[in-house]
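>>> sharing a model prediction with you, sequence too.
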Amino acid sequence: WISSHSDVEGNEEADRQAKDAAAGNTSPPQDLPPILRKPIARSIAAEKQAFHQELKKTWQERWSNSPRKHKFDQIDPDFPFTKHRRIAEKLNRTQSSLLIQI
């Protein structure tokens, strides 16, 4: 934001339209020039973020439906989050293997 733009005619409308576009509220494709009708490519960082969010969501759904979740809830209801990871990192290979086999 630049204060010198506060009195520029049309600036408020431009700001409103920019906020709408950033929120995903765009014009219908038929109202756009042909060159703007194609989807805009997303950055690699945005693709990675979207992939990781979807991966986490899928994992959470699978974990919630897993029979192992009930067993782990009896041991540590906070699993598999921070508390469990901190403890598990201190286990040797044999101990870790036994824990996973529960």
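Looks like it came in fine.
>>> tally up the residues packed near residue 89, please.
8 (other CB atoms under 10 Å). To be clear about C-beta, it is placed using only N, CA and C from the backbone, and glycine gets the same treatment.
>>> same check, this time on residue 97
Residue 97 has 10 neighbouring residues, counting by other CB under 10 Å.
>>> could I get the contacting residues of it?
For residue 97, no contacting residues are found, by CB atoms under 8 Å, 6 or more residues apart in numbering.
>>> give me the phi and psi for it.
Here is the backbone geometry of residue 97 (degrees, to the nearest 10): phi -60, psi -40.
>>> over to residue 42?
Phi and psi for residue 42, reported as degrees, to the nearest 10, are phi -90, psi 150.
>>> please name the nearest non-neighbouring residue to it.
Nearest residue to residue 42, sequence neighbours excluded (CB to CB, 6 or more residues apart in numbering): residue 50, at 7.6 Å.
>>> what mean pLDDT does the longest helix anywhere in the chain have?
What stands out as the longest helix in the chain, according to DSSP state H, is helix 44-64. Helix 44-64 carries an average pLDDT of 90.
>>> stretch 85-102 now?
Averaged over stretch 85-102, pLDDT sits at 82.
>>> next one: the nearest residue to residue 75 once chain neighbours are set aside from residue 74, what distance?
Nearest residue to residue 75 in three dimensions, chain neighbours excluded: residue 102, at 7.4 Å (CB to CB, 6+ apart). Note on residue 102: its distance to residue 74, by CB to CB, to the nearest Å, is 9 Å.
>>> swap in residue 23?
Residue 23 is 44 Å from residue 74, where distance means CB to CB.
>>> residue 69: what's it in contact with?
Neighbours of residue 69 in contact, by CB under 8 Å, 6+ apart: residue 63.
>>> can you read off the pLDDT for it?
84.
>>> number the chain from 53, please
In the new numbering, first residue 53, that becomes residue 121.
>>> please consider this matter closed, and thank you.
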